[in-house]
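A.B. asks: Provided below for reference: sequence and predicted model.
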Amino acid sequence: MRPGAVRSVLAACALGALAALGAAQPASAQTTATAPAAPARHVVIVGLSGLRWSDVSPSVTPTLWRLAGQGSAGSLVDYAVKPLTCPADGWLTLNSGARAQSDHTNAGCGALPAVIPDGAGAEVPGLPALAAYNRQFHNTPDWGLLAGAASCATAVGPGAALALADPAGHVASYLPSPSALTAPVLARCPLTVVDLGNTGLTERASVLRSADAELARLVAELPPGTTLLVTAPGATTYPPHLQLALVDGPGYLAGLLDAASTRQPGMVVLTDLTPTVLGWLGRSVPSGVVGAQITRGDRGAAAATIRSLVARDTAEQVWRSTHDVFFWTYALADTAVMAGIGLAFWGAAEDKRRRRARCWRVAGVFAASVPVGTFLANLVPWSQSAHPAAVLYGVAVGLAVLLGLVALVALPGPWRRDPLAPFGVVCLVTLLVLGTDVMTGSGLQLETPFGLSVLEAGRFYGIGNEALGIYGVTALFAAAWLGLLALQVASAQVTSAAAASRRRAVCVVALVAVYAVFASGWPGFGGKVGGTIAMVPCFLLLGLAVAGVRLNWRRVLLVAVSGLALFAVFALISYFVPATGKSDIGAFAGDVLHGHAGSVLLRKINSNIGSLSVSAFSPVLPVVVLLSGLMLWRPSWFRLRTVPLAYAAEPLMRVIMAVLWLMPVLGWFADDSGVIVPATALPLALPLGIAVLATAGYQDFQARSLRTTVADPAGPSVAGSAALHPAQPSPPGPA
C-alpha cells in the first residue's frame, strides 16, 4: 500500500472514531433519569406473581391504578434461566441478585419450597439444595444478598421467605400471611417483603380484586416516606409476558421506570430489583451483581402510559407467535423463487443464462430488501392496532417492495448504469438504518422479526443476535460496492488517476468499516461482542484487497486477532469510563480483571453449543455453510459456470464473496447465539450472493475494476487486469 493510501485510511478511521466518540452517550440517556438522593427509612416489596399491566384498571384494581398514577410505572422482564420463570425463580433471584431457578421445566411450575415457621422466624430447609442445583447455570448467585441489605427484614408469605433466607435457609423474621401485617410490624424493620400469591390460571379477576384489596390495606399502614415496590416475581403460566413493576415513594413521583441494564425507557429486568433495593437502603452493590439501579424518567398521562406498556407486551406476543413462521416463510420463499427461476430458464444456451441472470438480479434485490423493511415497520405504531401482526407484516412487505423498486428502476444519474447498484443501495440503506437505530436506542429493532425480543432473547439494545449476520453482510457489501465505485477512473491509461481512485476506494471502505463497527461495538451504542470480533477481520481483508496488498503470514495474523483486540479495547473503555454507560462488555472486563470470567465464558460456550439443538434443522446448517463456502472457493468441483465468470469479470469479486461468507461464520463462533447467526443470515446472503454473481458474470457493462473490460462472457477475450489471471475453461452446465 502506498504511503498516501495509508494516510487516507488512518485519516478516515480517525474521523469516524471522533464522530462516534462525540455521539457516544448511553442510549438510556434519552430519558431524564433520577433516583432518590438519600437512603429510604423503609422499603416495602410487594410481589404478586403473574401480574401484568393489562390486569390494571380503575374498576378491578383501583389501588394499583391509583399507585400507577402517582408513582413510576414500568414493564418487568421476568427472565431468570428458562423461558418460563416460575414464582420460586423470581423470589430466588430477588434473594441473590443473580438469575436463579428452582427445579422445573417449561411445561409448568412446581410448588414453592416448604417454609417452616420457627419462633419469630422460619426455616427454608430446601434452600441449600437449590443453591447446589443452581451451580450448573454459572450465574454465581450471592445467596442472602437481599436479607443483608438491612439491619432487620421481615418476610410475609412463603415467596418472601425465599427472598429473605440466608444461605442456610434461615429467615430472621417471618409472618405466614399478609393478614398479620400491622403498622407496627411495617415500621419495625427497614425492609419488608410481602408475597400476595399469584394470579393463577382461573378466576383471574377474583384473584386480582382480592390482592388489590390486600394491597390497599397494606398501603394505608405504611410508615411515612416509605418506598414501595410492587412487582411480579415469576408467573405460573407459559408463554412469558412482560409483567408489572411499580415504584411509589420519594424520587419516583409520576414517572416512568428506567434502568441502564435495558437502556429502554419504561423497561427493567428482574435482576435490577435487588441492587435497586440495596441502593435505596444505602448499601453498596457488590461488583459481581449484573443488575442496575432503577431510576425514574419523565412520562405523559398515566392512562396513556399504561396503554403503551400493554402495547409493548402485545408486541412481544406477536414476535413470539409469528417469528418462526415469518423466518421459514422468508427462507422458503427465497429458495422457491431462486430455484424456480433456475428451472424456468434451465439450459447452457447463452440467452438462457442471461435471462436467468436478469431474473435472479431482480429477485435478489427484493430478497435483500426484506430485513430492512421489517425494521422500518416499527415507525408505525402497529402494536396498538386491532390486528397488530397483520399491520406489522403488511407494512414490512410494502416497504420492502418499495425499496426494491426504487433500487431497480429509480436510481438517479450514473448509478442507473451500474449493474451492482441496486444491491449496493439496498445494503447501504440497511446499514444506515440499523447503525443509526443502534446509536439512538435500538427502537426500530424491538419486537420486529429480525430484531430484539426482550422476553425470548433477553437483549435490549445494540444489534440483536438474529440481526448480526444481516448487519455484517450488508455492511461489507455496501463497503465493497462503494469501493468498486471509487475504483472507476476516467481513463484506464492514466496512472495518477488510477492511484487516486485506489486511495479513494480504501478511504471509503475504511469509513464504512468505522461506522459499522463503532455503531455495533462501542459500549455507549451496541456493545456487541460477536459483531466486533466477526466484522473487523472481514473489513481488514476487504480493505487490503481494495488497496492491492498481498497477504503474508504477518498480515494474516494481524487480521486474525484484530477483532479480539478491538473488543478488548472497547471492554476496557466500558469498564474504566462510566460515561460510556453500563454494558455487558464492561461487566466482562471487570470479571476478567477480578478473576471471575470463568463462569461467564462457560455460560457463553454452553449457549453456543446448545444452539445446534434449537431445532431439528440446526445440525444441517453447518453442512449448508460448508457447502456454500466450497462452492465459492472451488466452483469447478460443482460444475458451476457463473462463479468463475463473475470472478473473471471483477477480480475483487472473489474477496467480496469470501468476506460475505466469512462474517457469519466468525459470528457463529464469537457470539453466544452460535449457529443462529449464519442461520438468520442465509435467507438474505444466499439470494444476494447468487444475484450478485449472476449480475457480475453476465453484465453487458464495462467492468469496474482498474484496467478491466469484459467483452462477451462466453468469448475468450478478457482485457486489462482480468487478463493477468485468465479464467480457466468453464465446465459445461447451466449454473
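C.D. replies: Looks like it came in fine.
A.B. asks: so where's the protein shaky on pLDDT?
C.D. replies: Residue ranges of the chain with pLDDT under 70: 1-37, 201, 412-416, 489-498, 596-597, 599-600, 616, 700-735.
A.B. asks: So which residue is smack in the middle of it?
C.D. replies: With distances taken as C-alpha atoms, centre = their mean, residue 464 lies nearest the centre of the chain, 1.9 Å away.
A.B. asks: and the gap between that one and residue 110?
C.D. replies: Applying C-beta to C-beta, to the nearest Å, the value for residue 464 to residue 110 is 33 Å. Where you see a C-beta, it was placed from the backbone N, CA and C, and this is true even at glycine.
A.B. asks: still on that earlier bit, bridging residues for the closest residue to the residue nearest to the centre of the chain other than its chain neighbours?
C.D. replies: Nearest non-adjacent residue to residue 464, counting by C-beta to C-beta, 6 or more residues apart in numbering: residue 452, 4.4 Å away. Assessed by DSSP bridges, residue 452 has beta-bridge partners residue 446.
A.B. asks: Tell me, how many residues neighbour residue 452?
C.D. replies: By other C-beta atoms under 10 Å, 25 other residues sit near residue 452.
A.B. asks: roughly how far apart are it and residue 459?
C.D. replies: For residue 452, the distance to residue 459 - C-beta to C-beta - is 5 Å.
A.B. asks: Residue 500 now?
C.D. replies: In terms of C-beta to C-beta, residue 500 sits 43 Å off from residue 459.
A.B. asks: Please apply the same query to residue 668.
C.D. replies: Counting by C-beta to C-beta, the gap from residue 668 to residue 459 is 17 Å.
A.B. asks: next one: residue 392
C.D. replies: From residue 392 to residue 459 the distance is 19 Å (C-beta to C-beta).
A.B. asks: Settle it for me: which of the two has more neighbours?
C.D. replies: Between residue 392 and residue 459, counted using other C-beta under 10 Å, the more crowded position is residue 392 (25 against 22).
A.B. asks: Could you give me the buried positions within stretch 224-231?
C.D. replies: For stretch 224-231, burial by neighbour count (16 or more other C-beta atoms under 10 Å) applies to 226, 227, 228, 229, 230, 231.
A.B. asks: Could you look up the SS state of residue 58?
C.D. replies: Secondary structure, DSSP: H, G, I helix; E, B strand; the rest coil: residue 58 is coil.
A.B. asks: ok, the nearest residue to it once chain neighbours are set aside - how many residues close by?
C.D. replies: Take residue 58 and drop its neighbours on the chain: the residue closest to it by C-beta to C-beta, 6+ apart is residue 65, 4.9 Å away. Here the number of neighbours of residue 65 (other C-beta under 10 Å) works out to 17.
A.B. asks: which ones are touching residue 65?
C.D. replies: Contacts were defined as C-beta atoms under 8 Å, 6 or more residues apart in numbering; by that measure residue 65 touches 56, 57, 58, 302.
A.B. asks: Point out the other helices and strands that the longest helix seen in the chain packs with.
C.D. replies: Scanning the chain for the helix with the most residues, using DSSP state H, yields helix 302-344. If you count contacts as 3 or more C-beta pairs under 8 Å, 6 or more residues apart in numbering; DSSP states H and E, helix 302-344 packs onto helix 62-70, strand 72-77, helix 350-376, helix 388-409, helix 676-697.
A.B. asks: and residue 268, what helix or strand is that in?
C.D. replies: Assigned by DSSP states H and E, residue 268 falls within strand 267-269.
A.B. asks: So what are the sheet partners of that strand and their directions?
C.D. replies: The pairing partners recorded for strand 267-269 under DSSP bridges are strand 72-77 (parallel).
A.B. asks: now the partner strand and helix 62-70, what's the angle there?
C.D. replies: Strand 72-77 runs at 110 degrees relative to helix 62-70, counting by axes from the mean of the first three to the mean of the last three C-alpha atoms, to 10 degrees.
A.B. asks: Can I get strand 72-77 in PDB, CA atoms only?
C.D. replies: Output in PDB follows, covering the C-alpha atoms of strand 72-77 (Å, rounded to 0.1, in the frame of the first residue of the first chain):
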ATOM      1  CA  SER A  72     -43.500   5.400  38.400                       C
ATOM      2  CA  ALA A  73     -44.500   2.600  36.200                       C
ATOM      3  CA  GLY A  74     -42.600   0.200  34.000                       C
ATOM      4  CA  SER A  75     -42.500  -3.300  32.400                       C
ATOM      5  CA  LEU A  76     -40.600  -6.000  34.100                       C
ATOM      6  CA  VAL A  77     -38.700  -8.600  32.100                       C
END
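A.B. asks: All set now, cheers.
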